[in-house]
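Participant: What shape does this take:
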Amino acid sequence: MLKKYIVRLTDEERETLQQVVNKFKGSSQKVRRARVLLKADAEGPGWTDAKIADAFDCRTKTVENIRERFVTEVLRSRSTASPGSSRPAEVAGWRAGSQADRAASGSAAAGLRIGRCAVGRTVVALEIVEAISYETVRRTLKKMG
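Facilitator: Sure thing, here's the model as predicted:
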C-alpha cells in the first residue's frame, strides 16, 4: 500500500526526537510517538507500518495516525511561521497573545476600558502578527483577570 504521509525528518527534528527517547522526556505516549517517527523516517530506517506496529505493540492505524499528524503539523507550522523562524505557529500564537496582554494592560493602566476587538485590531495594526483570532484575545484577557 502506498503511504500518503511520508515522514522526512530534518537533522534538527531527528536530534530532538532522539533526545526525547534517550532521556524519556515527557509522557510515555510522547516517547512512543518519537520512537515511531524515528523508525518511520524515510531517510532513516524507513520501517513499514506493520513492522513498527509489531515492534511497539500498537495497531498499524496508530502508526498511520502518528505519521499523518506529524506531517500535517509540520507543514502547517512551516507555512504559518514567520520567515527565518523555526518556531511552530502555535508558539507564534502564544507570543502574539502575550503581546496582546501588554497592549490591553497598557490601556488599562491608563484608565481606559478597551474591548477585545480593539485589542485584536491593535495587535494587528502594530504588526505584531498578521492576524489574530477573537478567541486568542478572549483567552488572553481572561488569563489577565
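
Participant: show me what contacts Leu37?
Facilitator: The neighbourhood of Leu37, defined by Cβ atoms under 8 Å, 6 or more residues apart in numbering, consists of 7, 9, 17, 66-67, 70. Where C-beta positions appear, they are placed from N, C-alpha and C, glycine not excepted.

Participant: Can you tell me the SS state at it?
Facilitator: Secondary structure assignment for Leu37 (DSSP: H, G, I helix; E, B strand; the rest coil): helix.

Participant: quick one, domains of this protein?
Facilitator: If you go by automatic domain parsing, the domain ranges for the chain are 11-80, 89-144.

Participant: Which SSE is immediately downstream of the lowest-mean-pLDDT helix or strand in the chain?
Facilitator: Lowest by mean pLDDT, DSSP states H and E among the helices and strands of the chain is helix 89-109, with a mean of 48. Tracing the chain past helix 89-109, the next element assigned as helix or strand by DSSP states H and E is helix 116-125.

Participant: buried sites along the next helix or strand after that following helix?
Facilitator: Using DSSP H and E, the helix or strand that follows helix 116-125 towards the C-terminus is helix 134-144. By 16 or more other Cβ atoms under 10 Å, the buried positions in helix 134-144 come out as 136-137, 140-141.

Participant: for those residues, which one is nearest Glu130?
Facilitator: Thr136 (12.9 Å; Cβ to Cβ).

Participant: any idea how far Glu73 is from the closest one?
Facilitator: The span separating Thr136 from Glu73 equals 18 Å under the rule Cβ to Cβ, to the nearest Å.

Participant: Ala34 too?
Facilitator: With distances defined as Cβ to Cβ, the gap from Ala34 to Glu73 amounts to 14 Å.

Participant: Just the closest of the contacts of Leu37 to Glu43, please.
Facilitator: Among those, Leu9 lies closest to Glu43 (Cβ to Cβ), at 6.9 Å.

Participant: ok, for the closest one, nearest residue in space, not its chain neighbours?
Facilitator: Asp41 (4.7 Å; Cβ to Cβ, 6 or more residues apart in numbering).

Participant: And for Arg8?
Facilitator: Distance criterion Cβ to Cβ, 6+ apart; nearest residue to Arg8, sequence neighbours excluded, is Ala42 at 5.1 Å.
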